[in-house]
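Participant: Below: sequence and its predicted model.
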Amino acid sequence: MIKKIILSIGSILFLLVLVLAVHIYMVTGKAVPEGPNWSMGKIEVANQLDSLSVNEIKQDFLAKPYIRAFRTNLDQGHFILLYDRKQVTGDDLAAELGSKLNLQASLYRPSAEELASSCPAIPKDSFTYQLGSLFQSIFTK
């Protein structure tokens, strides 16, 4: 009974590691995908936002073919947009959003320290990060 449990857990872990390896291989591959190149951007505004005008702008932005998603955080004063960066830049979206709201809007750019820390959701000393780094180093050489 214990042997079956250990074999089951071992095979599940093996499958998970295999899926992780395939995922990292696909992400770090050299092929350039055709079609839209979706990117997520955070646009910050300095002032408080009005929910009525934000809803109108949201509908206007979602009607554009290069915008896939539009989220708003009224309390923090920022927008999250999923856009096709082959058709428009994040700075252009920030300028357009700022002009529609008559506010100063800017595209959020992480600092060098934030970029160096990789994924903020996974600590560098975790097993998941170490395993992912191993596969990434194998496939990117």
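Facilitator: That came in fine, so what should we check first?
Participant: The helix or strand of the chain with the lowest mean pLDDT: what's the following helix or strand?
Facilitator: Sorting the helices and strands of the chain by mean pLDDT, DSSP states H and E puts helix 112-116 at the bottom, at a mean of 74. Moving toward the C-terminus from helix 112-116, the next helix or strand (DSSP states H and E) is helix 127-139.
Participant: Only the buried residues of that following helix, if you could.
Facilitator: Within helix 127-139, the residues scored as buried using 16 or more other CB atoms under 10 Å are 132, 135. Glycine gets a C-beta too; all of them are placed from N, C-alpha and C.
Participant: What of stretch 54-62?
Facilitator: Buried positions in stretch 54-62, judged by neighbour count with 16+ other CB under 10 Å: 54, 57-58, 61.
Participant: quick check, nearest of these to residue 34?
Facilitator: Ranked by distance to residue 34 (CB to CB), those are led by residue 61 at 24.6 Å.
Participant: what residues are up against the closest one?
Facilitator: Residues near residue 61 by CB atoms under 8 Å, 6 or more residues apart in numbering: 67, 70, 81, 97.
Participant: you'd agree it is in a helix?
Facilitator: Yes - assessed with DSSP: H, G, I helix; E, B strand; the rest coil, residue 61 lies in a helix.
Participant: Got the confidence number for it?
Facilitator: We have a pLDDT of 89 for residue 61.
Participant: what's the spacing between residue 6 and residue 19?
Facilitator: 21 Å (CB to CB, to the nearest Å).
Participant: Of all residues in this protein, which one is nearest the centre?
Facilitator: By CA atoms, centre = their mean, the chain has its centre lying nearest to residue 40, at 5.4 Å.
Participant: any idea which helix or strand carries it?
Facilitator: Residue 40 is part of strand 38-45 when elements are defined by DSSP H and E.
Participant: tell me the mean pLDDT for that strand?
Facilitator: 88.
Participant: do the same with stretch 9-16
Facilitator: On average, the pLDDT along stretch 9-16 is 95.
Participant: likewise stretch 64-73?
Facilitator: pLDDT averaged over stretch 64-73 gives 91.
Participant: And for that stretch, what's in contact with it?
Facilitator: Here stretch 64-73 makes contact (CB under 8 Å, 6+ apart) with 36, 38, 49, 54, 58, 61-62, 78-84, 87-88.
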